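>>> give me the fold of what follows.
(3 chains)
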Amino acid sequence: MTLLLVILIPLLGAMLPPLMMRWGRGASAGSAILVTLAALGAWGSMVPAALRGEGATFKLPWIPALGLNLSLTLDGLALLFSGLILGIGLLVVLYAKDYLYKSDPMGRFFAYLLLFMGAMLGVVLSANLLLTVVFWELTSITSFLLIGFWGHRADARRGARMALTITGLGGLCFLGGALLLGHLAGTFEIAELTSLRDSTLSHGWYVPALVLILLGAFTKSAQFPFQFWLPQAMAAPTPVSSYLHSATMVKAGVFLIARLHPALGGSEVWFYLVGGVGLATLLVGAFLANLAYDLKGLLAYSTVSHLGLIVALLGIGTQYAVVAAIFHILNHALFKASLFMSAGIVDHQAGTRDLRSLGGLWRLLPFTAPLALIAAAAMAGLPPLNGFLSKELFLEQTLELPFAAGPWWLVPALATLGALLSMGYAVRFGVNTFLGPQPKTFPKPPIEPPWGMRIPVALLVAGCVAIGLLPDLLGAPIVELAAAASSYLEVEGVHFALWHGFTPALLMSGIAIVGGVGLWYLQRWFVPVFDQSIPLPSGERLFRATIAGLVDLSRSAKRAFHPGKLQTAIAWMILSVVLLVGSALLVKLPRWTPSPADIDPSLLGGVALLLLAIGAALYFHRRRAVSLAILGAVGLLLSMGFVYLSAPDLALTQLSVEVSTIVLMLLALHLLPAQSVKERVGLHHLRDGVLALGAAVVVGTLTWLLLIDPPTSATSAYYLAQSKPGGGGTNVVNVILVDFRGFDTFGEVIVLGIAALGVYAMLFGMGLPTRWTRPETPDESAYPLMLGVVARVLLPLALVVGIYLFLRGHNEPGGGFVAGLVFSAAIILQYLASGIGWTQHKMNIPFHPLIALGIFVAGLTGVIAIAFGQPFLRSWFEYYHVPILGEIELASAMAFDLGVTLTVVGGLLMVLVNLSKLPRSTSVRPLTLAEEED
Amino acid sequence: MKEQRPTLVVLEDAPDHPWRLRLFPQPITSIAVGLTWLLLVNSVHPAHLTLAALLGVIVPHFSSPFMPIAPQVRSWWALLSFAPIFLFDLVIANISVAILILRIGYVPRSRWITIPLDARDPFAITTLAAVISLTPGTVSSRLTEDRRFLLVHVLDCNSKELEVEKIKARYEAPIRRIFES
Amino acid sequence: MIELLSEVLVSALILVGAFFTLVGSLGLTRLRDFFARLHGPTKATTLGVGSLLLASLVFIALEGDGLRLHKVLIAIFLFLTAPVSAHLLAKAAICLKVGTGPAGEVPETFDATQSLEIPRDPVSTPPAT
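Predicted structure coming up:
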């Protein structure tokens, strides 16, 4: 349970910072810190047990039929990662408090950050592969919000989009791989997958599943050839980069590889694929970092390179390789977070992060500079820092590969080259920024930032040094635990030491360090060369070209199907329906055995009337008001038909919907000319005629089939039989709506609310008046006295009728929807009779909250059922005997129906009021015929 | 969506209602609501009586803001004595108009008549207009801006003056007694 | 005997109602101008529907199912709304200058131009003089 809390606290706590903004930025940041601390506390309470190897677990079936369980575990790997996420998360929150500019919406920032934190914790704590996918996608979305936080900047939008596209596509691959893997193994629980490793490895689907999952991990961790999105994501505010690209987002891919290593690792495919990609990334990233001018770009490429190193180690997959990988995850998180923060300080205080206009900041930032240099040294892998230790381990592991990879010296040489390049860019970062000559001016005179930005850097650098000096004490236990969880082999007796004696790895390190400094010395010559003349092969260009191609494709598709002409769009729609349904009918029809049906002559008469009315509407279609009036008559005829066919519920609904629709349509017609355009007869008329005929044949056949062969399925019999005992009501229609298919109704209510909000949003930009001008005299022309008085007299009576329909709905025709329509009609009458301004003032009920309240009440009814251990929306009813009053039925369906009613009233009135405001606003006027023709 | 509050003096803003008025802002509405409920359920079961009373208290609280001035029946006796007159006229007028319609070839002498109103109360005017329209042969068609004249279309009219006289004496006077004095 | 009487009563009520409804509809075709036709529907809703409702009331009461007073509500709602719709139709017709037939032109006092401004409470505000 505490495990679940660790995830839920940041996810739910994300609501706090925006809410606290009304008490100022301090309160907002404070709440974010408190939420993080709370999560950290909950996590901390489980650490001692986890360190003893008795990590907490939690399991709750979510959709057991799909194998999706809410199962969490705190093993060594999860412990390490969740610790990094929460610890560095706290430091980032502290740092961001002072980093954010006055103009940045702080509440929103912390909300995104906490959401991301929760999602990331979900990824690392999840013990079910499908659950991991769910949280994985959440991290993609929240990181998109974070990277694009400065949405007013084009580069931020571009970077966020690219990150989302790449990681989102990767996420899809991951989902596919996870499904394949779950299918071949028969489970999604990671622990079970681990125990099934041998059979998985020999399964024919192993390779496709592995490749798909790795695609997910590689895109997330910006592995070659997907590395290009990471530098683009540097447009994010620096706290985001520091968080996402040191300990969290990009580490998710690495985490996934480590997590599935015990289940999927150890094969040749794994070794070559993971190891190869990792090594390639290590080299490409390190090389590109040496060419970067942007401080954060340099760090981004270096992150790519270090992630490559970790991936390569996981690809090697021996015990000590895994230990080295885990150790480097920890070390990289520490020094990279502090480096990003230092880069952020430079950017924030000097106003630039271009290496060409920086230098000599040592004297101006006497506190930050040494810290940044130490962190850079850790990144370069200099003793006695933590980076040195894990890099040594890596170099050592390249000498003992489990599978052959070219000549024996190839991989070690490449690894040394990587280390050399890494030394090169570390020097480039440190020296070009903090040492050397100082430029004449900076965009901003740099001074030390507030302590809130310096302390997190100091703490992180202290961590680097401490682990470097006391690796056995501080690093070994947790690394051993985490490595044991990420290897299919036994991991025991992990020891780290700064001094191993004269080993080949030390020699390689030495070469790398000396060579790296030399490289830095040469950079002034070779960097400009690459800058100007040598086009680097870039996945980014390919990505852009692909996206541009897709956009072009969809543009031309749109031109074909929806060239801005409603007729064409609808023609395509009808055509596809006719073809789809028609072909289905053609398949089914021969097998149909129609039963003879009695034809009711009076019904036929009704149908004839209906056809006549529709024909009249068609004939008058150019005179819009007339055809609308005829359509109203058609509606009335239909509801009479429903009465005749013993469907009083439908009749009631049809009637009340008809009333509201006619009013709405009249308001909408007000915006159009009274007569529609007279079109020239052309080829499109032929097309429309053929389409109409086709649609008529298909719909007619369908109706005919339905009528001659009424469904006598078990479902309707069940509903009829169970309505009273199961749902507590004798009106089957209503019981179906609120009980049997309550979930559908709930969805429809939400759709209704969204539709109303959509109309509101659409009309919002049209310059609606918010205030009415009031002349001194009442106007008999617009608001006749008689209508006003009668409307007001009718209101309470109509309300009673609505309540009556509402209350009896469970047992007799009526129900929440009809009641809502009756209430709305009564209020619409007030609007018509007394004007919007006056009625709105009297209403005093805002529509948005009314819609929300309706959905809330309906949803709450469902949730309460859960609280009683019942499925969502399971209805409850009870009969009570009250003295004098007699037997009274109370049903939860009534509360649900109330929610329906409220949403209907709110939605309908909102649409109506806003539509009716439209014609009066100055910016909107009825279109003239000429304009409509365009 | 905030509206500017009208500066108009409206009755419901009067401070310090006695508890009776706070519970029943409009007693007539409460009674009408309760009666409507009983008619709807068509029962005087104690449960429904309770419910009717409850609705009589609740519903007017929602509806009364829309009716700043409640109808006030000054004389119930006048109301009761007017009802039979109205019903009688209704039947007579129905028959005479039926005859008129069935007389083939007869062209009715339609006329506009203007009725100068003495009634001032909105409910009185409305009731008068409604009664005129409900009685076949006359349709109240329009009210002047100042509510002093009512335009009535008469289907078959011999004398404008006589018609105006009849409506004023037979309908307006009793209706004014009900609502106004 | 009682049964026969009641059947006669109910039949008579139905016939009366049907007759006046029919005459109202006839009026629609027989009368020539818009305002004259307006009189037709008012008849159908008063005596016509009234008699039919009464017939239903009596019938159900005599069948032994008790008094079904819903019908009273129907009558009330009809009597409340029918005159308003007639009034509005007439008003709209005047505004649209529909032909008035033998009644002649609408008196000038009532031929006001239409305005779409929003007033204060249109009912309780006393008109300016």
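
>>> in a helix, C:Leu67, correct?
No. Using DSSP: H, G, I helix; E, B strand; the rest coil, the assignment for C:Leu67 is coil, not a helix.

>>> if I look at the residue nearest to it when sequence neighbours are not counted, how far off is chain B?
Leaving out its chain neighbours, the residue that sits closest to C:Leu67 by Cβ to Cβ, 6 or more residues apart in numbering or on different chains is C:Ala61, at 5.4 Å. The way it works is simple: take the backbone N, C-alpha and C, and place the C-beta from them, glycine included. In this view, C:Ala61 and chain B are 12 Å apart by Cβ to the nearest Cβ, to the nearest Å.

>>> thought C:Ala61 was touching C:Arg68?
Yes. The criterion here is Cβ atoms under 8 Å, and C:Ala61 meets it with C:Arg68 at 7.4 Å.

>>> rewinding a little: secondary structure class for the residue nearest to C:Leu67?
Strictly by three-state DSSP, C:Ala61 counts as helix.

>>> pull up the gap between B:Ala98 and chain C, please.
In terms of Cβ to the nearest Cβ, B:Ala98 sits 5 Å off from chain C.

>>> quick check: phi and psi at the closest residue to A:Leu295 other than its chain neighbours.
Among residues not flanking A:Leu295 along the chain, A:Arg353 sits closest, at 3.9 Å (Cβ to Cβ, 6+ apart). Main-chain dihedrals, A:Arg353, degrees, to the nearest 10: phi -130, psi 20.

>>> quick check: A:Arg353 vs B:Ile104, distance?
100 Å (Cβ to Cβ, to the nearest Å).

>>> ok, now A:Leu138?
Remark: distance between A:Leu138 and B:Ile104 (Cβ to Cβ) = 83 Å.

>>> neighbour-wise, which of the two wins?
The neighbour count for A:Leu138 versus B:Ile104, taken as other Cβ atoms under 10 Å in any protein chain shown, is higher for A:Leu138 (19 against 6).

>>> tell me the mean pLDDT for stretch A:439-454?
Stretch A:439-454 shows a mean pLDDT of 82.

>>> stretch C:81-88 now?
Mean per-residue pLDDT for stretch C:81-88: 88.

>>> just the buried positions in it, please.
Neighbour counts over stretch C:81-88 (16 or more other Cβ atoms under 10 Å in any protein chain shown) mark C:81-87 as buried.

>>> got it, and stretch A:96-105?
Neighbour counts over stretch A:96-105 (16+ other Cβ under 10 Å) mark A:96-100 as buried.

>>> other SSEs contacting the helix or strand A:Val657 falls within?
Element membership of A:Val657 [criterion: DSSP states H and E] is helix A:648-669. Here helix A:648-669 touches helix A:624-644, helix A:732-735, helix A:816-834, helix A:892-917, going by 3 or more Cβ pairs under 8 Å, 6 or more residues apart in numbering or on different chains; DSSP states H and E.

>>> which parts of that helix are buried?
A:648-660, A:663-669.

>>> residues making contact with that helix?
Surrounding helix A:648-669, the residues in contact under the criterion Cβ atoms under 8 Å, 6 or more residues apart in numbering or on different chains are A:624-625, A:628, A:631-632, A:635-636, A:638-640, A:642-643, A:731, A:733-734, A:805, A:813-815, A:817-818, A:821-822, A:824-825, A:828, A:832, A:908, A:911-912, A:915-916, A:918-919.

>>> same question for stretch A:725-732.
The set of residues external to stretch A:725-732 that reach it, using Cβ under 8 Å, 6+ apart, is A:649, A:719-720, A:723-724, A:735, A:738-740, A:809-815, A:875, A:877, A:889, A:891, A:893.
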